[in-house]
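Participant: Okay, predicted coordinates and the sequence, questions at the end:
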Amino acid sequence: MNNRNNNENGINNLYVGIDVGSSAVHYAVLNENREIVHSSNPILHFANPIGAIHEAWLEITKIFPEENIKSTSFTGSGSVSFPEVMEGSTYIYDSVAIPRGAEVVMPQAQYIFHIGAKDPYFFNLKEIYKKKTIQ
């Protein structure tokens, strides 16, 4: 994903999503308009997810001022306890994060197949009262 200039609209309110998988850390930065403004290749963590998260955070804060990051959310079974030790962060279950992420990158999606190392998912998405729901 290409990086965008920090002076563009929506760069003052940023939201970081970090997925800690069994072998790699994936991450993306969204602006207040729910547009992806930064995403890199996953970082293999070799059983050191904290080190990979640190590496990702250093990359993100080289591109964007840390004070512009309003929220950081984690997903993935490897990060369920992170909000207990990382003040201000949240944890979101994969079964919630995956459909929400699909809505950002492909709002017209009706089906999602996710084959993770630990848990595979199939989602059938329907729109009810103008909101995407899992069926």
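Facilitator: All right, it came through fine.
Participant: Which of the helices or strands spans residue 126?
Facilitator: Element membership for residue 126 (DSSP states H and E) is strand 120-128.
Participant: Can you tell me what sits against that strand?
Facilitator: Identification of contacts with strand 120-128 by Cβ atoms under 8 Å, 6 or more residues apart in numbering yields 94-95, 98-99, 102-103, 109-114, 132-135. (Glycine included, C-beta is placed from N, CA and C.)
Participant: In these, find the pair that's most separated.
Facilitator: With Cβ to Cβ as the measure, no two of the contacts of strand 120-128 lie farther apart than 94 and 110, at 19.3 Å.
Participant: More neighbours: which of the two?
Facilitator: residue 94 (18 against 13; other Cβ atoms under 10 Å).
Participant: The more buried one contacts residue 112, correct?
Facilitator: No - between residue 94 and residue 112 there is no contact under Cβ atoms under 8 Å: 11.3 Å.
Participant: Next step: the contacts of strand 120-128 restricted to strands.
Facilitator: 111-114, 132-134 (DSSP state E).
Participant: If we only consider these, which is nearest to residue 59?
Facilitator: Nearest member of the ones in strands among the contacts of strand 120-128 to residue 59, counting by Cβ to Cβ, is residue 114, at 24.6 Å.
Participant: No further queries at this time; thank you.
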